[in-house]
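**Q** Got a sequence here, can you model it:
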Amino acid sequence: MSDSVNYKEITRKGLWGNNAALVQLLGLCPLLAVSGSVVNGLGLGLATLLVLTSSNTIVSLIRTKVSDAVRLPAFVMIIASLTTCIELLMKAFTYELYQILGIFIPLIVTNCAVLGRADAFASKNRLLPSIVDGFTMGMGFALVLVAIGGIRELLGNGTLFVDMHLLFGDIARDWTLNVFGNRYPGFLLAVLPPGAFIVTGFLIALKNLIDGEIKRRAEARRAKPVKGSKRVRTTGSIA
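**A** Coordinates of the predicted model:
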């Protein structure tokens, strides 16, 4: 690997250009299953972020010590151990939220985004770039989870940040925002499983539109002629 690392490009790809949820379409099972509210999405997103960053860190540290024959099993064991640690921490400090998220916390082990970054990036790069890659990939995944959870909670119940005390304790009991008032009838489809697919599809479409517009503007700037007079070179002698 070259000594020069473009951390800005790594960050851009993790958060936007190569987002695990919107571009690679990895980890869609937990993404769609537990994104019914902001607190659910944030809880699973933070857990995935911690596992991704930690696994990338450890894999980068041992990358020269593990042979190709046992590379993938070793990576899976690392991810499984880290996921178990996160699961135990959630049981100890956020037990009610852990019960809500249920099986999807231990299923982080099978999230292709985690194993994919360990194998594709951390196993080939130095420590700091691997940490940045794991953190930004995890952050990109968590932001999508929170966005989907927020949209579904807002459309379905007319509220935001309900039950945030499950994650942040008593300090967050008053964070609930009743956006549409008490007379909002609710939109049931948004909180049902089809709502997760619909909201995710709209987010993917929105990202593609934004990317297309950015590309169009960049091409327009390249094609735009430079204003100003042209300098003409003449040769020969003038009588």
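**Q** for the helix or strand harbouring L143, which positions count as buried?
**A** In this assignment (DSSP states H and E), L143 forms part of helix 127-157. Judged by neighbour count (16 or more other Cβ atoms under 10 Å), helix 127-157 contains these buried residues: 129-157. For the C-beta atoms, the positions are set from N, CA and C on the backbone; glycine is no exception.
**Q** Please apply the same query to stretch 112-126.
**A** 113-118, 121-123, 125.
**Q** Spit out the contact partners of the residue positioned nearest the centre of the chain.
**A** Centroid-nearest residue in the chain, with Cα atoms, centre = their mean: F141, separated by 1.6 Å. Applying Cβ atoms under 8 Å, 6 or more residues apart in numbering to F141 gives the contacts 19-21, 27, 31, 45, 48-49, 52, 113.
**Q** and T64, that one's in a strand?
**A** No - under DSSP: H, G, I helix; E, B strand; the rest coil, T64 falls outside any strand and is assigned coil.
**Q** Quick one: the contacts of F141 as a markdown table, columns for distance to D211 too.
**A** Below are the contacts of F141 laid out as a markdown table (distance: Cβ to Cβ, whole Å):
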| residue | distance to D211 |
| --- | --- |
| N19 | 11 |
| A20 | 16 |
| A21 | 15 |
| G27 | 21 |
| L31 | 20 |
| G45 | 23 |
| T48 | 24 |
| L49 | 24 |
| L52 | 23 |
| A113 | 20 |
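**Q** Which members of the residues you listed occur in helices, if any?
**A** Residues from these lying in helices, with DSSP state H as the criterion: 31, 45, 48-49, 52, 113.
**Q** Phi first, then psi, for L160.
**A** Main-chain torsions, L160, degrees, to the nearest 10: phi -140, psi 150.
**Q** how close does Q24 get to G17?
**A** Remark: distance between Q24 and G17 (Cβ to Cβ, to the nearest Å) = 11 Å.
**Q** More neighbours: the two, which one.
**A** Q24 (17 against 14; other Cβ atoms under 10 Å).
**Q** just to revisit the earlier point, most neighbours of all the contacts of F141, which one?
**A** L52 (33 neighbours).
**Q** Nearest residue to that residue in space, please, no chain neighbours.
**A** G138 (3.8 Å; Cβ to Cβ, 6 or more residues apart in numbering).
**Q** now swap in D119 and tell me
**A** Nearest one to D119, counting by Cβ to Cβ, 6+ apart, is F75 at 6.3 Å.
**Q** Make sure that neighbour is indeed in a helix.
**A** Yes - assessed with three-state DSSP, F75 lies in a helix.
**Q** roughly how far apart are it and V51?
**A** Computed as Cβ to Cβ, the F75 to V51 distance reads 12 Å.
**Q** which one of those two has more residues nearby?
**A** Neighbours per residue, other Cβ under 10 Å: of F75 and V51, the larger number sits with V51, 26 against 21.
**Q** which ones are touching that one?
**A** So V51 contacts 79, 82-83, 86, 108, 114, 138 (Cβ under 8 Å, 6+ apart).
**Q** which one of these is nearest V39?
**A** Nearest to V39 among the contacts of V51, counting by Cβ to Cβ, is I86 at 16.6 Å.
**Q** what's the neighbour count on that closest one?
**A** Applying other Cβ under 10 Å, we find 20 residues neighbouring I86.
**Q** same thing with L203?
**A** Neighbourhood size, L203 [other Cβ under 10 Å]: 17.
**Q** Within the helices and strands, which one has R117?
**A** R117 is part of helix 112-120 when elements are defined by DSSP H and E.
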